[in-house]
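Visitor: Structural data only, the sequence is not supplied:
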Ligand code: ADP
Ligand code: 5GP
């Protein structure tokens, strides 16, 4: 017996390089009902990034217009570029009871947690096991110049300092273990009473069955 479920807004944040994109990718492969919130950004695409898949790459003018039209659920300036989560696909997913996965910074997480959709939020912060390992991961990812890596390292403490605004915190040391923990968190959150609006009706049915037995 399954009852209908309310969608979750699963927010993953971390300092750049701690591993949230890797974990997000694994989650998407694990559960094909999950929808990834493709953000809009004014930054340039990295090698291998596809428009409409990893991000919607846009100009500052178009980005600001979308914000002024209320089309972003949240938006923020990160590393000198604008990033935002388009509201339309999130609303559609929530209306159909689907879960949405977000890879956003602490500012975005805070805005979603304060939005009208706050009751759907599941927020998870990913910490690196050490600062040396964070640097090593940024360097071995090989996607950024030395200058960009230094900038990201300098800003990582700003992101880490918001760790305590999240419901769950994962120290991403062993990737497989972190992924197992992430799946456990999501599986449990999906079973929360508030996520199962059909429970009331189900229990009423149990009650009438129970009363039928008594007569
Ligand atoms: P973020 O999205 O947080 O910026 P990424 O997911 O791109 O970080 O990860 C940064 C780099 O670290 C990638 O090369 C990734 O393969 C690697 N990585 C992620 N998690 C781990 C882990 N637990 N152990 C070792 N390397 C990892
Ligand atoms: P990157 O340029 O490495 O893809 O992302 C840089 C940072 O921007 C990461 O911390 C990422 O989580 C954050 N980010 C990506 N998309 C969004 C978004 O839509 N909104 C906000 N607030 N942050 C985002």
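Guide: Looks like it came in fine. Because the structure is a prediction, the values reported are computed rather than measured. Residues are numbered from 1 along each chain as shown. Ligands and ions are numbered 1, 2, ... in the order given.

Visitor: do you know how far residue 138 is from residue 99?
Guide: 29 Å (Cβ to Cβ, to the nearest Å). (Each C-beta comes from the backbone N, C-alpha and C, glycine too.)

Visitor: Where does pLDDT dip in the chain?
Guide: Within the chain, the ranges that satisfy pLDDT under 70 run 1-3, 215.

Visitor: Tell me the residues of it that contact ligand 2?
Guide: Those residues of the chain that sit near ligand 2, judged by Cβ under 6 Å from any ligand atom, are 16, 39, 43, 74, 76, 78-79, 83-85, 103-105, 107-108.

Visitor: among those, which are in reach of ligand 1?
Guide: Answer for those near ligand 1 (Cβ under 6 Å from any ligand atom): residue 16.

Visitor: Where strands are concerned, which of the residues of the chain next to ligand 2 count?
Guide: 39, 74, 76, 78, 83, 84, 85, 103 (DSSP state E).

Visitor: ranges for the strands of this structure?
Guide: 9-13, 35-36, 39-41, 55-57, 72-78, 81-86, 100-103, 121-127, 168-171.

Visitor: which strands and helices sit next to the shortest one?
Guide: Right, strand 35-36. Under the contact criterion of 3 or more Cβ pairs under 8 Å, 6 or more residues apart in numbering; DSSP states H and E, strand 35-36 touches strand 100-103.

Visitor: What about the nearest residue to residue 38 once chain neighbours are set aside, how many residues nearby?
Guide: Nearest residue to residue 38 in three dimensions, chain neighbours excluded: residue 56, at 6.0 Å (Cβ to Cβ, 6 or more residues apart in numbering). The tally of other residues near residue 56 (other Cβ atoms under 10 Å) stands at 16.

Visitor: from what I can see residue 56 touches residue 39, true?
Guide: Yes - taking contacts as Cβ atoms under 8 Å, residue 56 lies within contact range of residue 39: 7.1 Å.
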